[in-house]
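Chemist: What would the 3D arrangement of this be:
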Amino acid sequence: KAGATDYVAKSAVSPERIGHAIRAAVRLGDAERQAAAARAAEARYANQLRGLASAAVAVNSAEDVGQLMGEAAMHACRITGAPAASVRLAEEVAAELSHEGDDAGWYCAAGDQPRTLSSAISIPLPGRDGEPVGEIVLDVWDQRASDGVVLDQLARLVAGALENVRLYRAAQRAAQARDD
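Modeler: The predicted structure follows:
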């Protein structure tokens, strides 16, 4: 049986050279693991952005405020992997926009609306004046740095859709007042 010294000149084999080769192999293995992790993070972020695009279509296609909030909650879960989410309106916004029973949108991956969220994280829905018009509340999930950025964008998207509903209803009231 041939050993390493049968293939490499004995004068070229030394503890220092072997140590150098082992350190290089370890560094190469670390670099390969880091590259695989970076590729996985990139693929996850790309999926989140596709989910955000899908959420934009769903939220802007909603026929009422309750459906809008339900779509936003569902997409928040799908984008982040959170088990449950809720979209809640601020009291004055709920009074202006919602009908009875549709001032909160729920989504739960398990199917049934949870009674409470075990450890909630809240993302405000920014209004035009800087004051929040509501919030997206997520149950605990394995948060990643990209989740916050994507959820902030989802919150802006939902807030914009709610503002569109407010403006549309104000225009309808003005047209009705003008016609009367």
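Chemist: Just give me the longest helix of this protein.
Modeler: Criterion DSSP state H: the longest helix present in the chain is helix 15-61.
Chemist: Which is the succeeding secondary structure element to that one?
Modeler: Sequence order places helix 65-80 as the next helix or strand after helix 15-61, per DSSP states H and E.
Chemist: Show me what stretch 157-177 is in contact with.
Modeler: The contact list for stretch 157-177 (CB atoms under 8 Å, 6 or more residues apart in numbering) reads 52, 55-56, 59-60, 62, 65, 68-69, 72, 87, 89, 93, 96-97, 125-128, 133-134, 136. Using the backbone N, CA and C atoms, a C-beta is placed for each residue, glycine as well.
Chemist: how far out from the middle of the chain is that stretch?
Modeler: Here stretch 157-177 is found 27 Å from its chain centre; the criterion is CA atoms, centre = their mean, to the nearest Å.
Chemist: Check stretch 68-86 too.
Modeler: The answer for stretch 68-86 is 8 Å, by CA atoms, centre = their mean.
Chemist: and what of stretch 11-20?
Modeler: Between the mean C-alpha location of stretch 11-20 and the chain-wide mean there is a distance of 51 Å, by CA atoms, centre = their mean.
Chemist: Can you get me the start-to-end distance on it?
Modeler: 16 Å (CA to CA, to the nearest Å).
Chemist: That one - what's its average pLDDT?
Modeler: Mean per-residue pLDDT for stretch 11-20: 80.
Chemist: that older thread, from the contacts of stretch 157-177, which would you call buried?
Modeler: For the contacts of stretch 157-177, a neighbour count by 16 or more other CB atoms under 10 Å gives the buried set as 52, 55-56, 59, 62, 65, 68-69, 72, 87, 89, 93, 96-97, 125-127, 133-134, 136.
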